[in-house]
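Colleague: here's a sequence, model it:
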Amino acid sequence: DWVAYGTLPPNVKFDAWAQGQRCKGRLRLLSRSIVFDADEINIPILKFPFDRIKQLVEHGLDDAGFNLTTTTFVKMKERALDAPYVFDRSQETTWRFVLAYAPLTQCLTPARELHRISKLDYTERDAVLKRSQQALEDSFHFDTSRLQDLSEKILQNFSAAQVTPLVREPGRFVVSSTRVYFQPIHNIGADSPVRNWQLATILAVTRRRHSLQPIGLEIFFLDRSSASEDGSSVMFIFRSERDRETAIRALLEQPGLGSSTGVRVSAAVAGSLLEAEGSWLGKVTAAWQSGVISNFDYLLYLNLAAGRSFNDLTQWPVVPWVLADYTSASLDLSSPTSFRDLSKPVGALNAQRLQHFRARMEQMHGTGEPPFLYGTHYSTPGYVLYWSVRSSPGHMLRLQNGRFDAPDRLFHSVSDSWDSVNTNPADVKELIPEFFSTDDAFLVNRNALPLGTKQSGEAVQDVVLPRWATSPADFLMKHRAALESDYVSSHLHHWLDLIFGYKQRGDAADKADNIFHPLTYEGAVDINSIQDPGERAGLEMQINEFGQTPRQLFHKPHPVRHCSNQYSGVEQSSGNALAVALMQTIIAVTATSAGTSPHSPHSPARAATSPGGTSLDLPVSPPVRGPHDPGLPVQVDDGNPFLPAVQKLPFQARVLEPEYEFGSRNGRPGEAASRSPKAVDMDA
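Modeller: Alright, predicted model coming up:
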């Protein structure tokens with residue numbers, strides 16, 4: 001990554017870049033391409049794939065520059081807008097770049113080597129690039145001059161990667177006596193060369209899995225100014241489970257951990273809440289049975305406890321279709337016919353289609369491969385982006401190689417999507433939590449994205465809503481009301497058995513027509529035991545792209561809910577901020593064991609019993625209504641509310657391609673990367 005100047009070829013024209021004008025920006029060397037990101041926001045990001053570059057030569061002048069001749073270049077994010085990439089293959093072009101501060105050989109030598117590697121066959125090329133990336137990560141060291149306080153002591157230092165949707169950013173994870181640090185190898189985000197979070201603001205430290213491996217760690221914060229993009233959590237993956245466990249121990253041993261959160265539970269206790277450890281699961285289930293926790297809160301909690309995360313598109317929280325009526329002029333929530341059969345997985349809702357699945361599964365017996373009903377899954381990155389293309393277009397562009405999906409395959413109509421999951425043999429997807437939030441960004445094409453025109457001639461713009469919804473806000477309100485209805489409250493346990501419970505695996509799953517591809521289940525394969533790089537890469541790709549089943553939480557039938565909560569609205573937050581608000585709600589109403597109770601020891605309580613017989617003391621006085629759920633009574637401690645007013649920040653990640661970055665990041669000593677809006681778009 002270098003500060004550089006680019007000059008436009010004479011046979012290329014840009015509105016914001018005049019011929020002969022030197023344009024300043026960042027020249028970035030990636031594993032499969034060279035990228036030039038101009039400081040001028042109206043100039044698109046330019047990508048030059050190595051396998052389309054004809055030559056890289058010094059241009060013979062006094063400055064430290066070179067000429068790049070290519071048959072293809074790609075234009076992205078012109079005027080900083082998310083739009084399909086433009087692939088220009090019309091003619092051969094020669095671009096001139098000059099490094100502002102670094103010697104030319106620092107860039108040109110590795111660029112020529114990567115250009116040579118790009119000509120190798122696919123398997124050999126990937127093996128060479130992975131070895132190079134591994135060597136780069138091994139040789140990278142944490143910059144101790146970046147410590148915030150000279151009196152800090154480094155306690156643990158690991159090679160790790162920060163994970164955000166579709167991005168794995170390698171670097172160093174460091175635990176000091178007062179902070180957590182992460183130094184990415186390349187500061188692609190242009191935020192800070194080293195990110196840090198105070199230990200005092202940590203609400204919870206919890207284990208996560210990644211690619212079905214126990215190597216993930218997620219840290220939740222109560223202070224919104226001290227976390228990731230939407231201010232509530234960060235997720236890291238380590239090289240081994242042993243490294244992950246050592247990092248967790250180092251964090252939990254610090255006396256100042258969580259000291260400024262105001263919550264009277266330790267980060268270890270809160271972390272065990274999100275891992276469903278000890279008596280937590282029984283307590284939260286009992287709270288849901290008693291109507292203290294809403295259906296939505298309980299669904300979100302079970303997702304988090306089962307390892308799902310808003311930082312990982314491969315494990316995005318999953319929630320059910322609850323309605324079956326998307327065509328009537330009015331929605332009758334008192335009629336059972338308005339609702340979906342929650343005792344069946346989506347793939348079994350249509351009896352005729354189910355017979356097709358069963359017949360195919362029968363043919364698999366005797367083939368040596370474990371038989372399964374559904375080759376696709378109910379939650380995949382592609383399905384999450386299907387729903388959220390309007391709110392997170394950059395994600396789909398990256399997943400689809402710079403293009404939106406075909407208009408006829410985009411999320412266009414709620415009713416059409418419901419019809420598809422009932423009839424299409426390749427579609428068994430469930431919903432995402434955004435369907436029960438207040439944020440209608442995933443329903444409205446506010447950015448005028450060019451989503452195309454269907455074969456019927458109908459343009460894809462805002463999502464077509466059911467007739468019973470007068471607006472996106474009205475749809476979300478009624479949809480959430482359906483989720484919290486008496487019917488769903490009395491039948492939701494059936495769906496929980498399928499997704500998180502005893503019908504997830506084994507004979508019970510077989511009888512419930514709930515068998516998915518074996519690789520979607522945790523423990524189905526030991527990736528670390530696979531020596532062949534190609535085979536391992538293929539398995540990892542399948543695991544990450546074709547769905548992961550949540551961790552099984554229940555091994556007996558889930559109990560029925562006794563009553564409905566007094567629901568009066570929907571959450572004002574979403575994503576990770578919603579997860580943090582949920583934790584505080586649950587802690588406020590369930591953390592009652594010695595030394596962990598968040599409410600006053602003198603507060604009166606009422607008792608409930610979980611399915612396993614766990615006694616749960618639920619506070620009843622003094623109730624207040626928190627911003628997380630306006631209808632949920634929340635206990636306060638000595639007059640201080642637990643629930644902060646958490647507002648949503650935009651959910652989006654604007655990235656380019658799954659590449660590594662090679663070379664130096666020094667540029668001019670001490671100079672930060674460009675802070676133009678486009679500068680945060682690069683993938684590590």
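Colleague: give me the low-pLDDT residue ranges for the stretch 101-250 of the chain?
Modeller: Filtered on pLDDT under 70, the stretch 101-250 of the chain yields the residue ranges 188-191, 223-231.
Colleague: lowest average confidence, helix or strand, in this protein?
Modeller: Scoring the helices and strands of the chain by mean pLDDT, DSSP states H and E places strand 623-625 at the bottom, with a mean of 29.
Colleague: how about the spatially closest residue to L300 that is not a sequence neighbour, secondary structure?
Modeller: Leaving aside its sequence neighbours, L300 sits nearest to L582 (CB to CB, 6 or more residues apart in numbering; 5.4 Å). For the C-beta atoms, the positions are set from N, CA and C on the backbone; glycine is no exception. Of the three states, L582 takes helix under DSSP: H, G, I helix; E, B strand; the rest coil.
Colleague: could you point out the helix or strand that follows the lengthiest helix in the chain?
Modeller: The longest helix of the chain (DSSP state H) is helix 122-139. Next along the chain after helix 122-139, taking DSSP states H and E as the criterion, comes strand 154-164.
Colleague: same for the helix or strand just after that next one, what does it pack against?
Modeller: Counting by DSSP H and E, the element after strand 154-164 in chain order, helix or strand, is strand 167-176. Using 3 or more CB pairs under 8 Å, 6 or more residues apart in numbering; DSSP states H and E as the contact test, the elements touching strand 167-176 are strand 154-164, strand 179-184, strand 233-238, helix 241-252.
Colleague: the second one versus strand 154-164: what angle between them?
Modeller: What that stands for is strand 179-184. 50 degrees (axes from the mean of the first three to the mean of the last three CA atoms, to 10 degrees).
Colleague: just want the angle from strand 179-184 to helix 241-252.
Modeller: Here strand 179-184 runs at an angle of 140 degrees relative to helix 241-252 (the same axes, to 10 degrees).
Colleague: report the buried residues of stretch 10-18.
Modeller: 12, 14, 17 (16 or more other CB atoms under 10 Å).
Colleague: and the second one, how far from V35?
Modeller: It stands for F14. 16 Å (CB to CB, to the nearest Å).
Colleague: tell me which strands and helices the host helix or strand of W495 is in contact with?
Modeller: Assigned by DSSP H and E, W495 belongs to helix 486-499. With contacts defined as 3+ CB pairs under 8 Å, 6+ apart, the secondary structure elements packing on helix 486-499 are helix 295-305.
Colleague: what pLDDT, on average, does the helix it packs on get?
Modeller: Averaging pLDDT along helix 295-305 gives 94.
Colleague: could you name the helices and strands sitting against that helix?
Modeller: On the basis of 3+ CB pairs under 8 Å, 6+ apart, helix 295-305 makes packing contacts with helix 267-274, helix 280-289, helix 472-483, helix 486-499, helix 575-590.
Colleague: could you check the angle the third one makes with helix 295-305?
Modeller: Here helix 472-483 runs at 80 degrees with respect to helix 295-305, directions being taken by the same axes, to 10 degrees.
Colleague: likewise for the second one?
Modeller: Here helix 280-289 runs at an angle of 170 degrees relative to helix 295-305 (the same axes, to 10 degrees).
Colleague: ok, what's across the strand from V35?
Modeller: Beta bridges link V35 to R28, K47 when assigned by DSSP bridges.
Colleague: doesn't F48 make contact with it?
Modeller: Yes: the criterion here is CB atoms under 8 Å, and V35 meets it with F48 at 7.5 Å.
Colleague: report the distance from the helix holding W495 to the chain centre.
Modeller: Distance of helix 486-499 from the chain centroid (CA atoms, centre = their mean, to the nearest Å) equals 26 Å.
Colleague: re the thing from before, for the helices and strands packed on strand 167-176, which one sits closest to R112?
Modeller: When the helices and strands packed on strand 167-176 are ranked by proximity to R112, the top entry is strand 179-184, at 25.5 Å, counting by CB to CB.
Colleague: next secondary structure after that closest one?
Modeller: Beyond strand 179-184 toward the C-terminal end (DSSP H and E), the next one is strand 195-198.
Colleague: that next one packs against which elements?
Modeller: strand 179-184.
Colleague: any idea of the mean pLDDT in stretch 407-424?
Modeller: Here the average pLDDT along stretch 407-424 is 97.
Colleague: and that stretch, what's buried?
Modeller: 407, 410-414, 417-418, 421-422.
Colleague: could you dump those to a markdown table with secondary structure and distance to S240?
Modeller: Shown next, in a markdown table, are the buried residues of stretch 407-424 (DSSP: H, G, I helix; E, B strand; the rest coil; distance: CB to CB, whole Å):
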| residue | secondary structure | distance to S240 |
| --- | --- | --- |
| P407 | helix | 45 |
| L410 | coil | 40 |
| F411 | coil | 39 |
| H412 | coil | 44 |
| S413 | strand | 46 |
| V414 | helix | 44 |
| S417 | helix | 41 |
| W418 | helix | 43 |
| V421 | helix | 39 |
| N422 | helix | 44 |
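Colleague: may I have the helix holding W495 as PDB, with CA atoms only?
Modeller: The C-alpha coordinates for helix 486-499 follow below in PDB (Å, rounded to 0.1, in the frame of the first residue of the first chain):
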ATOM      1  CA  ASP A 486     -50.900 -16.000  20.800                       C
ATOM      2  CA  TYR A 487     -50.800 -18.400  17.900                       C
ATOM      3  CA  VAL A 488     -47.000 -18.100  17.400                       C
ATOM      4  CA  SER A 489     -46.400 -18.000  21.200                       C
ATOM      5  CA  SER A 490     -48.200 -21.400  21.600                       C
ATOM      6  CA  HIS A 491     -46.500 -23.000  18.500                       C
ATOM      7  CA  LEU A 492     -43.000 -21.500  18.400                       C
ATOM      8  CA  HIS A 493     -41.500 -24.400  20.500                       C
ATOM      9  CA  HIS A 494     -42.100 -26.700  17.500                       C
ATOM     10  CA  TRP A 495     -39.800 -24.600  15.300                       C
ATOM     11  CA  LEU A 496     -37.200 -24.400  18.000                       C
ATOM     12  CA  ASP A 497     -37.100 -28.200  18.200                       C
ATOM     13  CA  LEU A 498     -36.200 -28.200  14.500                       C
ATOM     14  CA  ILE A 499     -33.500 -25.500  14.500                       C
END
